[in-house]
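Asker: next input, structure requested:
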Amino acid sequence: MRKGAQRLTYLAVFIALNVVLARIASLRLVFAGVEGIRIGLGGLPVIMAGVLWGPVAGGIVGAMGDMIGYFLNPAGPYMPHFTLSAALTGVIPALVLRILGREKSPGPGALMLAILVGQTITSLILVPYFLQTLFGIPWRPLLVARVVSQAINFPAYAFIIHTLVRRLGLLFGFGWFSS
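Answerer: So this is what the prediction gives:
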């Protein structure tokens, strides 16, 4: 029972971190009254939850963080499409690591690949598609900024996650320690 309560507490902290990093500590660029690009570390706790505790945990942190964040600090109308994308931000890297057989101790390379796949699907494909479909914002002008943003984010996310889990994992009793 203690382990389940501990994991639930960590997930709640990761949700809170996601809300703060995504909604408050990010640079948000608005197009036609709708947020088009968000630059920051909001995806970090979502991806980290998925990497540490699996795709379900990553999906919960992403979805709950998006919904709570919207109600605390909305940027345009609420659209569940973006909640799905936020959930997939945590689900996809965890699934990629599972497919690679590296879910127990991913090295920096496996982490970068998993995060690259996840961010490509969510941030470079789904979000621009939803922005164009729902709000008529063309995806092509946003693509260059999104590619540059993700070229910085995905290696940064992998480095930060790998470093945090290696350094704090023994202290707090989570994660993997062999890579």
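
Asker: just for this protein, where's the confidence low?
Answerer: Along the chain, the parts satisfying pLDDT under 70 run over 1, 28-38, 169-179.

Asker: geometrically speaking, which residue is the centre of this structure?
Answerer: The centroid of the chain falls nearest to residue 43 when counting by CA atoms, centre = their mean (2.9 Å).

Asker: now it: how far from residue 81?
Answerer: 17 Å (CB to CB, to the nearest Å). Quick note: C-beta positions are derived from backbone N, CA and C, even for glycine.

Asker: pull out the buried positions in stretch 59-69.
Answerer: Buried residues in stretch 59-69, defined by neighbour count with 16 or more other CB atoms under 10 Å: 59-67, 69.

Asker: want to throw those into TSV with distance to residue 107?
Answerer: As requested, those are exported to TSV (distance: CB to CB, whole Å):
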residue	distance to residue 107
59	24
60	26
61	23
62	24
63	28
64	29
65	27
66	29
67	33
69	31
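
Asker: and of those, the nearest to residue 91?
Answerer: The shortest approach to residue 91 among those belongs to residue 59, at 4.5 Å (CB to CB).

Asker: give me the helices and strands touching the lengthiest helix in the chain, please.
Answerer: Using DSSP state H, we find that the single longest helix of the chain is helix 139-172. For helix 139-172, the packing partners by 3 or more CB pairs under 8 Å, 6 or more residues apart in numbering; DSSP states H and E come out as strand 34-39, helix 43-53, helix 108-119, helix 127-135.

Asker: and the angle for it with helix 127-135?
Answerer: Relative orientation of helix 139-172 versus helix 127-135 (axes from the mean of the first three to the mean of the last three CA atoms, to 10 degrees): 130 degrees.
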